[in-house]
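Enquirer: How does the following fold in three dimensions:
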Amino acid sequence: MNGPNSGYDPATLLKMSTADLDKLFAGAPPGPIPNGDAQGTALVDPGTTRSPEFAKIINHFAWQGKVFDAKNGTLVNHIGPFGMKAILAKVYPGDSLIDKKPCIVLDYSQTSLIAHWIRDEIRNIAPDTYLGPVYWDNKKLFYFSLHFGKARTDQ
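Expert: I've put the predicted structure just below:
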C-alpha cells in the first residue's frame, strides 16, 4: 500500500470506474522515469465487485509488478506464481496513444518475442504511484498501477 497521503492506493483505484481512470490518466504529468521495484495491480473491470478478485488472481498467477532501471531505460516484469523476472521492455518519454500528451512509454516491440505487440504507458498520479493503460496492437485493454516504496499489504 502507498503512503496515507497518496489517495491512490490499489484498493482506491480498483473502486474507480474506467471513465474515472481515463480522467486521472489524462490529467497527470508523465513524471520522471521511475527506478527500482514497483508492485503492480491490474485494474481489470474497475469499479465493479469483480475487480479486486481479478487483481488478486492476476497478481498471484501472472503479474506482480516491474523492476525499472532508469539509467539504462529498461524494465523487467515480475511474472508467474514465483515472481520470476522476465519480459524486458524499453522505457522512454513519448506521447500517449490516448491523448497525444507526454507519458512514459514501456515498449516491448523490440525486446520481447512473447510480448512484442504490447505497449504500456504510465503517468505519475501521486508520489511513488503511476497509472497507465496496457495496449495490444495499439488497442487499449485495461489500466494498471505501479506503487514504488513500501511493500503492499492489501492483496
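Enquirer: all helices in this protein, in order from the N-terminus.
Expert: Counting by DSSP state H, the chain has helices at residues 10-15, 18-26, 51-61.
Enquirer: out of those, which comes closest to L146?
Expert: helix 10-15 (10.0 Å; Cβ to Cβ). Quick note: C-beta positions are derived from backbone N, CA and C, even for glycine.
Enquirer: on contacts alone, who are the packing partners of the closest one?
Expert: strand 36-43, helix 51-61, strand 139-148 (3 or more Cβ pairs under 8 Å, 6 or more residues apart in numbering; DSSP states H and E).
Enquirer: list the buried ones in it?
Expert: P10, L13, L14 (16 or more other Cβ atoms under 10 Å).
Enquirer: how about the helices and strands packed on helix 10-15, which one is nearest A28?
Expert: So among the helices and strands packed on helix 10-15, strand 139-148 is nearest, using Cβ to Cβ, at 11.5 Å.
Enquirer: what's the average pLDDT for the closest one?
Expert: The average pLDDT within strand 139-148 is 97.
Enquirer: Just give me how far that strand sits from the chain centre.
Expert: 4 Å (Cα atoms, centre = their mean, to the nearest Å).
Enquirer: what does that strand contact?
Expert: 1-2, 8-10, 13, 18, 21, 25, 34, 36-46, 65-66, 97-98, 120, 122, 125, 128-135 (Cβ atoms under 8 Å, 6 or more residues apart in numbering).
Enquirer: Quick one: work out the angle between it and helix 18-26.
Expert: 60 degrees (axes from the mean of the first three to the mean of the last three Cα atoms, to 10 degrees).
Enquirer: Show me which positions of strand 139-148 end up buried.
Expert: For strand 139-148, by 16+ other Cβ under 10 Å, it's F142, Y143, F144, S145, L146, H147, F148.
Enquirer: remind me which residues of the chain are low pLDDT?
Expert: Within the chain, the set of residues satisfying pLDDT under 70 comprises 1-6, 150-155.
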